[in-house]
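# sequence and predicted structure below; questions after.
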Amino acid sequence: MNTTINTGRVITRFGAELLVENLSQSSSQNSLQAPVRCTAKRKFDTIVCGDSINWHHNPHGNASVDDLLPRTNALTRPGYRGRPRTIAANIDQLVIVNSWLPETSWDLVDRYLIAAKQLNAQAVIVMNKSDLAEEHATEEDWQAMKTYQDIGYQVLQMNALTGEGTKELQDLMSDKTSIFSGRSGVGKSSIANKIMPELDITVGIISDSGEGKHTTTTATLYKLPKGGYLIDSPGVRDYALGNIDTQDLSDGYIEFKDPSEYCRFNNCSHDHEPGCSVRSAVDNGEISKQRYQRYIQALHAL
Ligand code: GDP
Ligand code: ZN
């Protein structure tokens, strides 16, 4: 009987049952290994999609969870009575999906970037429906995209109908665990289908077992054919900012970091304070006025 402790990554969970990707190398199988079903004790109720765990085969022919391994971060949503509920863990990157119709709200893009920073995750900005850009994109929109690029974000033009940008997105996702965020109708499902044409093996395995159809309300980890993972579910896609304080907000405007070292006050909110170097950087054109104005608006709305 093999009682070796293995490592694994949680694909999804159904009550006390976890579907786990086996990450322990087995010499006889270097091809794709089938997911393992693991039973989790009560104390592992907090384990979610994306978690790394230790597990072992037990003598009864099934497998059990031994340990939840430390997380890099966790995505939470307000649950019962507003108490935060964890829905996914270990997310490296937010893919912020936007389109020209419905039109892009740059406020919302900034909010997602703040969320990414709070999670200590990277962010990619996707502008989908490039076929509609000529008709709908304004000078201000192009300027906004350039600003994000100037401060270090990847901005990717895509067309989920033709596949434009698919390869570039796959490359950006290939060594990470990503989630898609963005408002309804921008093309998240269409893009997901493009990057995972053979959707979706893991879900199929569950349905075949006779335990009923797997609904996508629970977050699920998908292994991408070109490398990397996508964690997806309606709840993950609707992910929005929870409560943030002034510090989270200014941390989310990454281009403020360097100049803020020279603000007269340590706790400068870059609003009205004298000797604010962020404001000077806005005045001399180093920081985008539009980004700064959105920051100030968000600051006053806190
Ligand atoms: P989601 O709500 O973000 O998942 O968006 P969907 O993937 O369901 O797409 C919403 C609508 O936009 C669908 O009718 C898609 O066919 C359409 N769509 C998606 N990508 C593109 C695109 O690149 N160009 C155009 N013109 N339509 C697109
Ligand atoms: Zn300042």
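Noted; the coordinates are in hand. Bear in mind that the values here come from a model prediction, so they are computed numbers and not experimental data. Ligands and ions are numbered 1, 2, ... in the order given.
# contacts for stretch 141-152?
T104, W106, V109, I125, M127, V155, I254, E255, S288, Q290, R291 (C-beta atoms under 8 Å, 6 or more residues apart in numbering). No exception for glycine: its C-beta is placed from N, CA and C like everyone else's.
# need these in TSV with neighbour count, pLDDT and distance to L299, can you?
Formatted as TSV, those follow (neighbours: other C-beta atoms under 10 Å; pLDDT from 0 to 100; distance: C-beta to C-beta, whole Å):
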residue	neighbour count	pLDDT	distance to L299
T104	24	96	22
W106	18	97	16
V109	23	96	17
I125	22	98	22
M127	24	98	27
V155	17	98	25
I254	16	98	16
E255	20	98	15
S288	21	98	16
Q290	14	97	15
R291	20	98	12
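# mind putting those residues into JSON lines with distance to S280 and secondary structure?
Formatted as JSON lines, these follow (distance: C-beta to C-beta, whole Å; DSSP: H, G, I helix; E, B strand; the rest coil):
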{"residue": "T104", "distance to S280": "29", "secondary structure": "coil"}
{"residue": "W106", "distance to S280": "23", "secondary structure": "helix"}
{"residue": "V109", "distance to S280": "25", "secondary structure": "helix"}
{"residue": "I125", "distance to S280": "27", "secondary structure": "strand"}
{"residue": "M127", "distance to S280": "31", "secondary structure": "strand"}
{"residue": "V155", "distance to S280": "27", "secondary structure": "strand"}
{"residue": "I254", "distance to S280": "18", "secondary structure": "helix"}
{"residue": "E255", "distance to S280": "13", "secondary structure": "helix"}
{"residue": "S288", "distance to S280": "14", "secondary structure": "coil"}
{"residue": "Q290", "distance to S280": "17", "secondary structure": "helix"}
{"residue": "R291", "distance to S280": "15", "secondary structure": "helix"}
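# where along the chain do the strands fall?
Per DSSP state E, the chain has strands spanning 6-14, 17-22, 36-39, 52-57, 63-68, 74-78, 84-89, 93-98, 122-127, 154-157, 177-181, 220-223, 229-232. These are given in chain order.
# quick check: residues of the stretch 51-200 of the chain near ligand 1?
128-129, 131-132, 159-161, 184-190 (C-beta under 6 Å from any ligand atom).
# picking up where we left off before, relative to ligand 2, which of the strands of the chain is closest?
Of all the strands of the chain, strand 122-127 sits nearest to ligand 2, with 23.4 Å by C-beta to the ion.
# packing partners for that closest one?
Judged by 3 or more C-beta pairs under 8 Å, 6 or more residues apart in numbering; DSSP states H and E, strand 122-127 is in contact with strand 93-98, helix 106-119, helix 139-150, strand 154-157, helix 166-173.
# ok, which of the ones you listed comes nearest N62?
Closest approach to N62 among these is made by helix 166-173 (32.7 Å; C-beta to C-beta).
# burial count for the closest residue to D110 other than its chain neighbours?
Excluding the flanking residues, the one nearest D110 by C-beta to C-beta, 6 or more residues apart in numbering is R294, at 5.3 Å. Neighbourhood size, R294 [other C-beta atoms under 10 Å]: 18.
# where does R294 sit relative to ligand 2, distance-wise?
Distance, R294 to ligand 2, using C-beta to the ion, to the nearest Å: 16 Å.
# hang on, that residue packs against V109?
No: contact criterion C-beta atoms under 8 Å: R294 and V109 do not qualify, at 9.2 Å.
# could you list the low-pLDDT ranges of the stretch 51-200 of the chain?
198-200 (pLDDT under 70).
# can I get the strands of the chain in JSON lines including distance to D45?
Below are the strands of the chain laid out as JSON lines (distance: least, C-beta to C-beta, whole Å):
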{"stretch": "strand 6-14", "distance to D45": "9"}
{"stretch": "strand 17-22", "distance to D45": "11"}
{"stretch": "strand 36-39", "distance to D45": "12"}
{"stretch": "strand 52-57", "distance to D45": "13"}
{"stretch": "strand 63-68", "distance to D45": "10"}
{"stretch": "strand 74-78", "distance to D45": "14"}
{"stretch": "strand 84-89", "distance to D45": "10"}
{"stretch": "strand 93-98", "distance to D45": "26"}
{"stretch": "strand 122-127", "distance to D45": "30"}
{"stretch": "strand 154-157", "distance to D45": "37"}
{"stretch": "strand 177-181", "distance to D45": "22"}
{"stretch": "strand 220-223", "distance to D45": "18"}
{"stretch": "strand 229-232", "distance to D45": "19"}
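# with distance to ligand 2 added, can I get those in a markdown table?
Shown next, in a markdown table, are the strands of the chain (distance: least, C-beta to the ion, whole Å):
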| stretch | distance to ligand 2 |
| --- | --- |
| strand 6-14 | 42 |
| strand 17-22 | 46 |
| strand 36-39 | 50 |
| strand 52-57 | 39 |
| strand 63-68 | 41 |
| strand 74-78 | 30 |
| strand 84-89 | 31 |
| strand 93-98 | 26 |
| strand 122-127 | 23 |
| strand 154-157 | 27 |
| strand 177-181 | 29 |
| strand 220-223 | 41 |
| strand 229-232 | 36 |
